[in-house]
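*Asks:* compute the structure for the input listed below.
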Amino acid sequence: MDAVRPGAAGPPDGPRLLVLRALGLGDLLTGVPALRALRRAYPEHRLILAAPADLAQAAAATDAVDTLLPTSAPGRAVPETLPWTGPPPDIAVDLHGNGPPSHRLLQQLRPRRLLAFAHPGTPDIDGPPWRPDEHERQRWCRLLGHYGIAADPGDFVLRRPAALSPAPGATVLHPGAGSPARRWPADRFAALARLLLARGHRVVVTGGPGEEALVRRVAVPGTRALSGGLPFGALSALVAEARAVISGDTGPAHLAVAFGTPSVTLFGPVAPALWGPPPDPRHAALWHRGPPGDPHGAAPDPLLLRIRPEEVLAALETV
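*Replies:* Numbers count the residues shown, from 1 in each chain. All right, here's what the predicted structure looks like:
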């Protein structure tokens, strides 16, 4: 297991509470209200988060997690195993999904208590029913509420990072996303960058690991490119001190919400009612109504393609 932060709230030799959320940065950030609710409900437990190893710094920023258990699988799949050692966890919480794969993964550890949504494939779990039309932050808080744990979906704000921003006051464009369906075309991001430069913005283009070519396509002359995947400390400082953040429905958008940085988020296959920012004049969610698409599709979603650069610029002026 990886240490997350000094001065952990839970004693290292005390009872252990395991939370499964082996997903990406945006998923972790939408789970912050639930993680904090668990920390308050079980202050004597060591809260262990099963999540990808590269989220250790982000987990520390929640002020709820004691230890990270490095866990991941391709895409958004449920890991086959967990590198758990020692006696069974006292409590296990499934914040990963709603079906038998994640339930059984935790059941293999024989926790004394398992908190999860109900599913016909695991009838021994007495959790609440899953609602497909529920916002992600609300969903996990409702799960905990079913078990008598008070959780506030609005408890998502992160403390300001101590690191210095590599570009304070810049307007950040993040064209990448976890799947092609959620990626607004690079040529439209490039057109937006030119519009922003013409209006006096300092524009920074960011990208994750493997998105170097995408960043180069968007980073027109006059912009600054920060590709290759910034460490969380640098990324969080960049977002926290940005003039604004413009991206698809992905990690930096949720980070902007967590820091209260003005943002414009472009939605396509999934409506903002499920993953969007809370009602706040600092955040705009662009979405053209229509049938929901496949969030893991191999091409930009048709609803996302309806958004034009001028529309994004107009939304930015409102935030």
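*Asks:* just the helices in the chain please.
*Replies:* Secondary structure of the chain (DSSP state H): helices located at 25-30, 32-41, 56-61, 100-107, 136-146, 186-198, 212-218, 232-240, 251-259, 272-275, 302-305, 309-318.
*Asks:* winner for burial among these?
*Replies:* The highest mean neighbour count among these, using mean count of other CB atoms under 10 Å, belongs to helix 251-259: a mean of 26. Quick note: C-beta positions are derived from backbone N, CA and C, even for glycine.
*Asks:* any idea how far it is from the chain center?
*Replies:* Centre-to-centre, helix 251-259 and its host chain are 8 Å apart (CA atoms, centre = their mean, to the nearest Å).
*Asks:* ok, now stretch 276-286?
*Replies:* Offset of stretch 276-286 from its chain centre (CA atoms, centre = their mean): 16 Å.
*Asks:* give the buried residues for that stretch.
*Replies:* For stretch 276-286, the neighbour count (16 or more other CB atoms under 10 Å) marks Gly276, Pro277, His283, Ala284, Ala285, Leu286 as buried.
*Asks:* export those to a markdown table and tack on pLDDT?
*Replies:* Below are those laid out as a markdown table (pLDDT from 0 to 100):
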| residue | pLDDT |
| --- | --- |
| Gly276 | 96 |
| Pro277 | 97 |
| His283 | 98 |
| Ala284 | 98 |
| Ala285 | 98 |
| Leu286 | 98 |
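*Asks:* and which of these is nearest Val319?
*Replies:* Val319 has its nearest neighbour among the buried residues of stretch 276-286 in Ala284, at 5.2 Å by CB to CB.
*Asks:* hang on, the earlier thing: looking at the helices of the chain, which is closest to Thr81?
*Replies:* So among the helices of the chain, helix 100-107 is nearest, using CB to CB, at 7.5 Å.
*Asks:* the closest one: how far from the chain's middle?
*Replies:* With CA atoms, centre = their mean, you get 22 Å for helix 100-107.
*Asks:* what's that helix packed up against?
*Replies:* If you count contacts as 3 or more CB pairs under 8 Å, 6 or more residues apart in numbering; DSSP states H and E, helix 100-107 packs onto strand 16-20, strand 91-94, strand 113-115.
*Asks:* looking at the ones you listed, which is closest to Ala242?
*Replies:* Proximity to Ala242 (CB to CB) singles out strand 16-20 among the helices and strands packed on helix 100-107, at 29.7 Å.
*Asks:* circling back: among the buried residues of stretch 276-286, which are in strands?
*Replies:* Counted as lying in strands by DSSP state E, out of the buried residues of stretch 276-286, are His283, Ala284, Ala285, Leu286.
*Asks:* reformat the buried residues of stretch 276-286 as JSON lines; add distance to Thr261.
*Replies:* Below are the buried residues of stretch 276-286 laid out as JSON lines (distance: CB to CB, whole Å):
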{"residue": "Gly276", "distance to Thr261": "15"}
{"residue": "Pro277", "distance to Thr261": "11"}
{"residue": "His283", "distance to Thr261": "9"}
{"residue": "Ala284", "distance to Thr261": "12"}
{"residue": "Ala285", "distance to Thr261": "15"}
{"residue": "Leu286", "distance to Thr261": "17"}
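*Asks:* so which of the residues you listed comes closest to Thr62?
*Replies:* Nearest to Thr62 among the buried residues of stretch 276-286, with distances taken as CB to CB, is Pro277, at 18.0 Å.
*Asks:* now do the same contact list for that closest one.
*Replies:* Each residue near Pro277 by CB atoms under 8 Å, 6 or more residues apart in numbering is listed here: Ala253, Val257, Ser263, Thr265, His283, Ala285.
*Asks:* ok, now how distant is the second one from Arg243?
*Replies:* Going back to what we said before, that points to Val257. 16 Å (CB to CB, to the nearest Å).
*Asks:* now the end-to-end length of stretch 76-90.
*Replies:* This stretch, stretch 76-90, spans 26 Å end to end (CA to CA, to the nearest Å).
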